[in-house]
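Visitor: Make a model of this:
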Amino acid sequence: MTLSPPQTASPPEFRPYRRFVSWFVLVFVSLGSAYLLVSVAVSIYRRRHAVPIGAPVSANATDGEIQSCYDELDDVTQGLLKHLENFHHLLAGYDPGEAQSWADEGQVWLGQLHVLRTRCRFDQMRGHRLRKELEEMAAVSDELEDTQKIYTNALLRFSKDQAPRLDRIRSRIQRIGDRMAKQMAAPPGENNHD
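Guide: Numbering: from 1, shown residues only. Prediction:
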């Protein structure tokens, strides 16, 4: 007759502690996940719906308000330039997912430009002493929008005309490489042409 080793049960005083730790971890992970999801949703909303940086320019705009409009126009211009820097990289290795992401960024930028125009009302302040500068800022904002549209149209044309061609070229190169690898792996003297 063999005696089995005594089974040790966990002491009962540790069960409530384990239950508490389990619930604490569950609540912590749940709250952390909810916070993460809410923060992602808020950042997506803010990117797609531009929020004005300042209050709308008053009818009798001060020099400070005009300066803030200029600063915001400069920021929007820099944003477009940064956005367009990615364009050439995008064409070099065209990927539909990256192209869609680029187009979404362009829509965010257009939203920022629209908010700027609404806030600064460049074309409605005719009697201001900085009228000429306001007219130039209005012209710059129009040119920025036209530039963004030209790039977007170029990307659309490229995706329709050239991207399929590049895909065919990549596939062809891959097939050539695969055949060469097969030929090089074969013992000398064997000819495995397909």
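Visitor: ok, Leu144 touching Leu81?
Guide: No - applying Cβ atoms under 8 Å as the test, Leu144 and Leu81 come out as separate, 9.5 Å apart. Heads up, the C-betas are built off the backbone N, CA and C, glycines and all.
Visitor: if you count what's nearby, which of those two comes out ahead?
Guide: A side-by-side neighbour count of Leu144 and Leu81, using other Cβ atoms under 10 Å, places Leu144 first with 20 against 11.
Visitor: Provide a list of residues in contact with the closest residue to the more buried one other than its chain neighbours.
Guide: Distances taken as Cβ to Cβ, 6 or more residues apart in numbering put Leu80 closest to Leu144, at 5.6 Å, once the chain neighbours are dropped. If you count contacts by Cβ atoms under 8 Å, 6 or more residues apart in numbering, Leu80 has them with 109, 144, 147-148.
Visitor: can you tell me which two in those are farthest apart?
Guide: Pairwise distances across the contacts of Leu80 (Cβ to Cβ) peak at 10.7 Å, for the pair Trp109 and Thr147.
Visitor: which one of these two has more residues nearby?
Guide: Trp109 (20 against 14).
Visitor: Let's see the pLDDT reported for that one.
Guide: At Trp109, the pLDDT value in this model is 86.
Visitor: My guess is it contacts Leu81. True?
Guide: No - counting by Cβ under 8 Å, Leu81 is not a contact partner of Trp109; they are 10.4 Å apart.
Visitor: how far does the helix or strand of the chain with the lowest mean pLDDT sit from the chain's center?
Guide: The weakest-scoring helix or strand in the chain, judged by mean pLDDT, DSSP states H and E, is helix 15-48 (a mean of 77). Once both centres are worked out by Cα atoms, centre = their mean, to the nearest Å, helix 15-48 turns out to sit 25 Å from its chain's centre.
Visitor: helices or strands next to it in the packing?
Guide: If you count contacts as 3 or more Cβ pairs under 8 Å, 6 or more residues apart in numbering; DSSP states H and E, helix 15-48 packs onto helix 96-120.
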